[in-house]
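Chemist: Here is a sequence together with a model predicted from it:
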Amino acid sequence: MLFQFLEKARRDEFPPETCLVVESVSRFTRDNVFDGLKLCIEIFDLGHRLAFTQWGGEVLDKEGRGVWDDLVKALGAAQFEWDDKSARINEYNEDKLERIKNGNLCDFKPRTKDRKRVDYPFWLDLKEMEDRSKNYFVHNDQANHMVRMFNLALEVGNEEISKTLFAEGRPAINNPKRRLCRSTIGGYLKSRAVLGEWQPQSDGGKPRAPSVKGVWPPLIEPELWEAVQQKRKSRFRNQDYGVPPTPKIHNLFRGSIFCACCNSKLNPAQNRRLKKNGEYSDYQYLYCSSGFRGAVDICTINTRLTTKKAGVDGELAILERLQTFHWAELFSNKRHSAKLKTAKNKMMRLFDVVNKLDERRESNEKAEDEYINAGRAVPLRYEERFKNDQEEFEKALDEYKFAESQHRTEKQKETGFQAERKIKKRVKDFIKSGREDIAARKEFSRWFLEMGLAISVNLETGSFELGLGTVEKNRLIALDLTLEDAAVFIKDPKEFEEFKKTRKKQMVEEDKLRIELPRKKKKPRPTTPAKELITLEGPLSPPDWKGEPDNHQEYWFKTRMKKKSRKE
């Protein structure tokens, strides 16, 4: 609340001398005296005031006598109170942790109608004894649903688990008419509480200390828990770059397909509809990431394009277009040499950076050894610097290894018509047998992105264009289609070579224009005040005018208003 008040006060959103009323100084801040005074001074400097109800609501400002003495004493007392309270809370939590480690469960309270929120899982009930230190936990009816959940997780995902449990009589906890949501099931499946572990937590839900094993009876065996984690990891939708490795892959060209209207990314979507015969039919769509969300200043296309249904296969149409692409030009010797040179320069530049950082790291290790041999501790400021140097070295080393792998990959690439034949065969084989294979789709999607290809789709007509794309900040900046079009229409090899030379010159000139061409300045719109328009209707000066030459505008204005009132 104090932070919000200061933010608005800094933006002058409050009227002058606004008074901030606080219950007590301890509610105002729990910082040390110096930081608390800085807050008060800032509020006073912004032209506002303070009042504490524990002091009778007296309004305080920087002009008040005795204000600073009272504030210093109150801030010191508030800090002492907070430190004392924090120490008592920490001491209680440490004692509680020790008791639970020793098997004393007296700190847990049973679940009742008035106390539904307790510090143990919902599939457990607390059995109280006369000697509360001998309390123990037992499984209730919800335990069977939890075991069933883990067994189902070996075969299906969270959505199917939710449907199955709802059909078997396990709805959501807060609403018996709804199913458990997927995120809730995911939280249950990754919880180690089913193994009998208790995790101490702070008020914000963060772990306060390491988990304690054997606090309550385990629900499943560790082997089943580990197997479920491995299955869930294998179903994870974003494990690697490219299309997620999941049976439900809706868009093979994700990240490379853009809106023809605004050049923003197109996102995939899926819907399932029930037919009259009782069967389900899956539909796949594409929609603009800008227009579909209502950003009309960027794109006005708010409709979705159906790419997969009975009789429609947009993915196959794009794959067939790939077979007509003129790959030989893309993998020409000159282009390959330029890419190889760029990759090598990047690798060598990063290698130089790694060498310099490695030398600095070795110097740090030598200095650290000298301190240790001299029997002295390494100064804190040096420890922080040594740590930062080590992190920079590891980061630079990772970048160098990545650049080295890119250079190695570039060296192994084939060129010319040999590469073209290989790619066309790859696309043909993928169309024939790879579209239903998850691993093959994942690899094809990664390859498509690496080729630098892009697709521009008209969401209103369904037509699309395929070419070499330039993408910046998830927007398609340029799409070169000329080589593909020329490969289709120019059959004579000599004419095609002449066209390539001409096109390369044009592309260079276009790049220069895009970078160097200055933006046209908007011409200011002519504006004529209303009184000037009125003076244009009369002579330059009124008859028998005795005032200043430029003060006759009021005369014509009053004259016109009199005529207007007479007509009305």
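Modeler: Received, thanks.
Chemist: residues in contact with residue 137?
Modeler: 105, 120, 124, 125, 126, 127, 215, 216, 217 (C-beta atoms under 8 Å, 6 or more residues apart in numbering). C-beta: built from backbone N, CA, C; applies to glycine.
Chemist: So the second one sits against residue 199, correct?
Modeler: Put plainly, it is residue 120. No - judged on C-beta atoms under 8 Å, residue 120 makes no contact with residue 199 at a distance of 10.8 Å.
Chemist: Buried members of the contacts of residue 137 into ChimeraX, please.
Modeler: Buried residues among those (16 or more other C-beta atoms under 10 Å), as a ChimeraX selection:
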select :105,120,124,125,126,215,216
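Chemist: Could you check the pLDDT of residue 479?
Modeler: pLDDT, residue 479: 80.
Chemist: again with residue 509
Modeler: Confidence at residue 509, expressed as pLDDT, is 61.
Chemist: Mutual contacts of residue 120 and residue 199, please.
Modeler: Contact with both residue 120 and residue 199 is made by no residue, according to C-beta under 8 Å, 6+ apart.
Chemist: coming back round to it: secondary structure for the contacts of residue 137 - can I get that in CSV?
Modeler: Converted to CSV, the contacts of residue 137 look like this (DSSP: H, G, I helix; E, B strand; the rest coil):
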residue, secondary structure
105, coil
120, coil
124, strand
125, strand
126, strand
127, strand
215, coil
216, coil
217, coil
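Chemist: would JSON lines of the contacts of residue 137 with distance to residue 30 and pLDDT be doable?
Modeler: Converted to JSON lines, the contacts of residue 137 look like this (distance: C-beta to C-beta, whole Å; pLDDT from 0 to 100):
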{"residue": "105", "distance to residue 30": "33", "pLDDT": "86"}
{"residue": "120", "distance to residue 30": "31", "pLDDT": "86"}
{"residue": "124", "distance to residue 30": "36", "pLDDT": "89"}
{"residue": "125", "distance to residue 30": "39", "pLDDT": "89"}
{"residue": "126", "distance to residue 30": "35", "pLDDT": "89"}
{"residue": "127", "distance to residue 30": "40", "pLDDT": "88"}
{"residue": "215", "distance to residue 30": "33", "pLDDT": "86"}
{"residue": "216", "distance to residue 30": "36", "pLDDT": "86"}
{"residue": "217", "distance to residue 30": "41", "pLDDT": "88"}
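Chemist: The longest helix seen in the chain - contacts with which helices or strands?
Modeler: When the chain is parsed with DSSP state H, its longest helix is helix 333-373. Counting contacts by 3 or more C-beta pairs under 8 Å, 6 or more residues apart in numbering; DSSP states H and E, helix 333-373 is packed against helix 380-411.
Chemist: chain center to the helix it packs on, what's the gap?
Modeler: With C-alpha atoms, centre = their mean, to the nearest Å as the basis, helix 380-411 stands 25 Å off its chain's centre.
Chemist: Who are the packing partners of that helix?
Modeler: Partner elements for helix 380-411 (3+ C-beta pairs under 8 Å, 6+ apart): helix 333-373.
Chemist: just the angle between the helix it packs on and helix 380-411, please?
Modeler: 160 degrees (axes from the mean of the first three to the mean of the last three C-alpha atoms, to 10 degrees).
Chemist: Please state the offset of helix 333-373 from the chain centre?
Modeler: 32 Å.
Chemist: again with stretch 9-20
Modeler: Worked out by C-alpha atoms, centre = their mean, stretch 9-20 lies 34 Å from the chain centre.
Chemist: how about that stretch: buried residues?
Modeler: Burial within stretch 9-20, assessed by neighbour count using 16+ other C-beta under 10 Å, is assigned to 9, 14, 20.
Chemist: and these as JSON lines, adding pLDDT and distance to residue 337?
Modeler: Below are the buried residues of stretch 9-20 laid out as JSON lines (pLDDT from 0 to 100; distance: C-beta to C-beta, whole Å):
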{"residue": "9", "pLDDT": "81", "distance to residue 337": "62"}
{"residue": "14", "pLDDT": "82", "distance to residue 337": "66"}
{"residue": "20", "pLDDT": "86", "distance to residue 337": "69"}
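Chemist: Show the pLDDT at the closest residue to residue 397 other than its chain neighbours.
Modeler: For residue 397, ignoring the flanking residues on the chain, the nearest one in space by C-beta to C-beta, 6 or more residues apart in numbering is residue 354 at 5.6 Å. On pLDDT, residue 354 comes in at 86.
Chemist: is it true that residue 354 touches residue 393?
Modeler: Yes - Residue 354 is within contact range of residue 393, at 7.3 Å (criterion: C-beta under 8 Å).
Chemist: mind listing what residue 148 touches?
Modeler: So residue 148 contacts 164, 165, 168, 170 (C-beta under 8 Å, 6+ apart).
Chemist: out of those, which are buried?
Modeler: Neighbour-count burial (16+ other C-beta under 10 Å) applied to the contacts of residue 148 gives 164, 165, 170.
Chemist: So the second one: helix, strand or coil?
Modeler: The reference is to residue 165. helix.
Chemist: surely it meets residue 145?
Modeler: Yes - judged on C-beta under 8 Å, residue 165 makes contact with residue 145 at a distance of 6.1 Å.
Chemist: where along this protein do the strands fall?
Modeler: 19-22, 49-52, 59-60, 124-127, 136-139, 257-259, 266-274, 280-288, 305-309, 312-313, 453-457, 464-472, 475-480 (DSSP state E).
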